[in-house]
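[1] fold the stuff below for me.
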Amino acid sequence: MINYSEYYNGDRKATVTLINTHWDKSFDKWEVTMYINDRIIEKRTISSENMAENIAEDFVNGGYDSRSLLNESN
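    Take a look at the predicted model:
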């Protein structure tokens, strides 16, 4: 696993990690790990680098697919 990129915004963080398990690059996977207050909220495995980056960026920017802790609700 290779840490590929990290996104930050306030208490939210998302990391994108490359998981290369095969000599053929078409089998590479990208793991997006999403955090709030340094606690893991969700992990997703994606087959597209671009999609993984978009998910990470959407999460830290509070996009439509972002998660929140119950105690963050108003």
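
[2] and the spatially most central residue of the chain, what does it touch?
    Centroid-nearest residue in the chain: Val32, 2.7 Å away (criterion: CA atoms, centre = their mean). Counting by CB atoms under 8 Å, 6 or more residues apart in numbering, Val32 touches 14-17, 43-46, 52, 55-56, 59. Quick note: C-beta positions are derived from backbone N, CA and C, even for glycine.

[3] which phi and psi does Ala56 have?
    phi -60, psi -50 (degrees, to the nearest 10).

[4] how many other residues sit next to the closest residue to it other than its chain neighbours?
    Of all residues not flanking Ala56 in the chain, Ala14 sits nearest, at 3.7 Å (CB to CB, 6 or more residues apart in numbering). Look at Ala14: counted by other CB atoms under 10 Å, it has 26 neighbours.

[5] who does Ala14 bridge with?
    For Ala14, the beta-bridge partners are Tyr7, Met34 (DSSP bridges).

[6] re the thing from before, export the contacts of Val32 as CSV, with columns for pLDDT and secondary structure.
    Conversion of the contacts of Val32 to CSV gives the following (pLDDT from 0 to 100; DSSP: H, G, I helix; E, B strand; the rest coil):
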residue, pLDDT, secondary structure
Ala14, 96, strand
Thr15, 96, strand
Val16, 96, strand
Thr17, 95, strand
Lys43, 94, strand
Arg44, 94, strand
Thr45, 94, strand
Ile46, 93, strand
Ala52, 94, helix
Ile55, 94, helix
Ala56, 94, helix
Phe59, 93, helix
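
[7] and which of these is nearest to Ile2?
    Among the contacts of Val32, Thr17 lies closest to Ile2 (CB to CB), at 6.6 Å.

[8] can you tell me how far that closest one is from Asn54?
    Thr17 is 15 Å from Asn54, where distance means CB to CB, to the nearest Å.

[9] perfect, that will be all.
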